[in-house]
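Asks: When you get a sec, could you give me coordinates for this:
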Amino acid sequence: MTTKLKGMEIIAEVIREHYDLGAVELPQQLEAAHQRRHRKMVVNTAAGRFLVKTYKRDPVVLDALRFQHRLSDHLDKNGLPVARIQRAKSGKGIVEADTWALELQQFIEGESMRVTSTTLLASAKALGLFHKVCQGIPAPPRDANMWRFSEVPRTAFQKFYEAARAESSDQKVAEHCNAIALFLQDAAGTLSIDKRSEFEIGLIHGDWHGANLLFQGDNLAAIIDLEFAGLGCYLEDIAYGISNLCIRTTNSDEKMRLRTNMLLDYYQFSRTLSYAELVALYYAVGVKHITTVCYQSLQSGKVAGFTPTEWMERLHIQTRWLAEQARKARWGE
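Replies: Residues are numbered from 1 along each chain as shown. Have a look, this model is predicted:
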């Protein structure tokens, strides 16, 4: 049997040879999934349905994958739901075939997180527990810059402002821009290199947002996409979570307050934030949020249905609220 990847039949044959799953059908491409670094498929077998991922057979890639498998096992043992790794007959989680490699994961029926009070509570508790149970585990470096959440997107924001001005000559666009720029200036000072020693680091998920949290109704079914996990600042995970789950879809002060307070309250069931982290957090949220909106807008024109001009107003409202929370955290209000 040749192991050079030529089609789904080859993948099916590798699965039949290396796994004890009974009858194995031809894998089907998982169309809705991102195929960034590896190919994703679904395969039906007599033992159930599995997610198939194939990778380049590269020592660095496979070492990172083995870490993800160890982390998945650790989370599972500590009460956090994951897509469990299916072991081959050899007991290994990776099957190597010529120039490529393959893994099988439990296929989780579910949907990306929809923000409700129940799902937000579940996600917050899960993130806090993730950070708690992974303390002390050797954490490898990540491909991503550890401090990317703190790097103010000046160039991207300038281009975003130019796009908004090209769309509208309303003077309010400039006013919104100036207010956001002042927020970013304050953020740069609060998240500067000399302040970072005050922020705790450890093993983080690295991409904590709704699409990586699969739910079955109100129940968290699986935390997925561990490929960005590794050594990082806890503020990154928390800021990404608040940006995506609490801020992105609303400019209501009340909704932002309720959502953010719920996430922080339930996160801190497992790990308490320090004073320095609380003060810096709201600026980190703003930096992440603005960076994402600018990048996505410049790629596609609209983000969540809003144009750059509309986002300017929304970002002004959202960053004004975030700045007020940072002030209250600083002075203990």
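
Asks: Identify the residues contacting residue 269.
Replies: Applying CB atoms under 8 Å, 6 or more residues apart in numbering, we find residue 269 in contact with 125, 128. No exception for glycine: its C-beta is placed from N, CA and C like everyone else's.

Asks: one more time with 6 Å, if that's ok
Replies: Residue 269 makes contact with residue 128 under the criterion CB atoms under 6 Å, 6 or more residues apart in numbering.

Asks: I'd like the numbering to begin with 887 instead of 1 from here.
Replies: Taking 887 as the first residue, the last one we looked at is residue 1155.

Asks: what about it, which SS state?
Replies: Assigned state for residue 1155: coil (three-state reduction, DSSP: H, G, I helix; E, B strand; the rest coil).

Asks: Can you give me the distance of it to residue 1165?
Replies: Distance of residue 1155 to residue 1165, given as CB to CB, to the nearest Å: 21 Å.

Asks: Got the confidence number for the residue most central in space within the chain?
Replies: With distances taken as CA atoms, centre = their mean, the residue of the chain nearest its centroid is residue 1093 (1.9 Å). Note for residue 1093: predicted pLDDT of 95.

Asks: Surely it touches residue 1113?
Replies: No: with contact defined as CB atoms under 6 Å, residue 1093 and residue 1113 do not form a contacting pair (7.9 Å).

Asks: Going by residue numbers, what spans are strands in this structure?
Replies: Assigned by DSSP state E, the strands in the chain fall at 914-915, 925-931, 934-942, 971-972, 981-983, 986-992, 997-998, 1087-1090, 1099-1102, 1105-1109, 1116-1119.

Asks: Would you reformat these as JSON lines and include mean neighbour count and distance to residue 1192?
Replies: As requested, these are exported to JSON lines (neighbours: other CB atoms under 10 Å; distance: least, CB to CB, whole Å):
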{"stretch": "strand 914-915", "mean neighbour count": "12", "distance to residue 1192": "32"}
{"stretch": "strand 925-931", "mean neighbour count": "18", "distance to residue 1192": "30"}
{"stretch": "strand 934-942", "mean neighbour count": "18", "distance to residue 1192": "33"}
{"stretch": "strand 971-972", "mean neighbour count": "20", "distance to residue 1192": "40"}
{"stretch": "strand 981-983", "mean neighbour count": "18", "distance to residue 1192": "45"}
{"stretch": "strand 986-992", "mean neighbour count": "21", "distance to residue 1192": "35"}
{"stretch": "strand 997-998", "mean neighbour count": "13", "distance to residue 1192": "20"}
{"stretch": "strand 1087-1090", "mean neighbour count": "21", "distance to residue 1192": "29"}
{"stretch": "strand 1099-1102", "mean neighbour count": "20", "distance to residue 1192": "24"}
{"stretch": "strand 1105-1109", "mean neighbour count": "19", "distance to residue 1192": "29"}
{"stretch": "strand 1116-1119", "mean neighbour count": "20", "distance to residue 1192": "29"}
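
Asks: Adding mean pLDDT and distance to residue 1046, write those out as CSV.
Replies: Converted to CSV, those look like this (pLDDT from 0 to 100; distance: least, CB to CB, whole Å):
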stretch, mean pLDDT, distance to residue 1046
strand 914-915, 92, 35
strand 925-931, 94, 32
strand 934-942, 96, 35
strand 971-972, 97, 41
strand 981-983, 93, 44
strand 986-992, 96, 37
strand 997-998, 96, 26
strand 1087-1090, 96, 27
strand 1099-1102, 98, 28
strand 1105-1109, 98, 31
strand 1116-1119, 96, 25
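
Asks: Make a markdown table from these and add distance to residue 954 to it.
Replies: Below are those laid out as a markdown table (distance: least, CB to CB, whole Å):
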| stretch | distance to residue 954 |
| --- | --- |
| strand 914-915 | 22 |
| strand 925-931 | 14 |
| strand 934-942 | 10 |
| strand 971-972 | 9 |
| strand 981-983 | 15 |
| strand 986-992 | 9 |
| strand 997-998 | 20 |
| strand 1087-1090 | 12 |
| strand 1099-1102 | 17 |
| strand 1105-1109 | 12 |
| strand 1116-1119 | 10 |
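
Asks: for those, which one sits closest to residue 1076?
Replies: strand 1116-1119 (13.6 Å; CB to CB).

Asks: List the contacts of that closest one.
Replies: The contact list for strand 1116-1119 (CB under 6 Å, 6+ apart) reads 1025, 1026, 1027, 1028, 1032, 1085, 1087, 1090, 1092.

Asks: Now the two most distant members of these.
Replies: Longest span within those, CB to CB: 1026 and 1085, 19.3 Å.

Asks: Which one of those two is surrounded by more residues?
Replies: When neighbours are counted by other CB atoms under 10 Å, residue 1026 and residue 1085 differ, and residue 1085 comes out ahead with 20 against 13.

Asks: so what's that one scoring on pLDDT?
Replies: For residue 1085, the pLDDT comes out at 96.

Asks: Next: residue 921.
Replies: On pLDDT, residue 921 comes in at 53.

Asks: what do you get for residue 1024?
Replies: On pLDDT, residue 1024 comes in at 90.
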